[in-house]
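Q: Here is my input; please provide its structure:
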Amino acid sequence: MNALGHLYLLLGRYDGAREMLMAASAGQSKLGFSKEAETAQLRTIFNMGLLSREEGKFAEAEEFLGRALDAEMRLYGMEAYSTLRCRLEVAVLKIRRSTPGVAEEELKVGIKELESALEV
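A: Residues are numbered from 1 along each chain as shown. The predicted structure is shown next:
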């Protein structure tokens with residue numbers, strides 16, 4: 001459900017994306033997944049943040065992406081790919097909210113860290 005929700009998001013089918021992501025979250029809860037300690041749940045929270053951002057629901061996006069970023073840093077550390085990607089998406093959110101000064105600097109730092117982490 002989460003992957004399908006993300007696909008709908010990429011296709012711009014936001015209503016379908018929200019429906020699939022909500023179903024994924026409900027299913028994960030029924031299976032006993034903790035809110036932010038399971039990879040599947042984190043992906044759903046992250047995708048809900050992306051969806052909310054694309055819909056222009058910036059406060060909601062900030063909540064979801066903030067929760068995802070906090071959990072990513074706690075569980076996987078600052079240099080994990082998933083943490084870096086989350087940081088970049090938070091920076092994109094800040095730019096979309098028209099707070100470019102700090103956001104652009106965060107984006108530059110995030111890109112450098114991501115490039116460094118991906119060096120082979």
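
Q: The spatially closest residue to residue 1 that is not a sequence neighbour: helix or strand, and which one exactly?
A: Nearest non-adjacent residue to residue 1, counting by CB to CB, 6 or more residues apart in numbering: residue 24, 3.6 Å away. (C-beta placed from N, C-alpha, C; glycine too.) Residue 24 is part of helix 14-30 when elements are defined by DSSP states H and E.

Q: In that helix, which residues are buried?
A: 17, 18, 20, 21, 24, 25, 28 (16 or more other CB atoms under 10 Å).

Q: Closest one of those to residue 104?
A: Within the buried residues of helix 14-30, distances to residue 104 taken as CB to CB reach their minimum at residue 17, with 27.7 Å.

Q: you'd agree that closest one is up against residue 1?
A: No. Between residue 17 and residue 1 there is no contact under CB atoms under 8 Å: 10.6 Å.

Q: what sits against the residue nearest to residue 96 when sequence neighbours are not counted?
A: Ranked by CB to CB, 6+ apart and with sequence neighbours excluded, the top spatial neighbour of residue 96 is residue 53, at 6.3 Å. Shown in contact with residue 53 (CB atoms under 8 Å, 6 or more residues apart in numbering): 61, 65, 89, 92, 93, 96.

Q: now, which of the residues you listed lie within helices?
A: Among those, DSSP state H puts 61, 65, 89, 92, 93, 96 in helices.

Q: how about these, which pair is most distant?
A: So, those by CB to CB: farthest apart are 65 and 96, at 11.4 Å.

Q: Which one of these two is surrounded by more residues?
A: residue 65 (25 against 15; other CB atoms under 10 Å).

Q: Tell me if I'm right that the more buried one and residue 87 touch.
A: No. Applying CB under 8 Å, one finds residue 65 not in contact with residue 87, separated by 9.3 Å.
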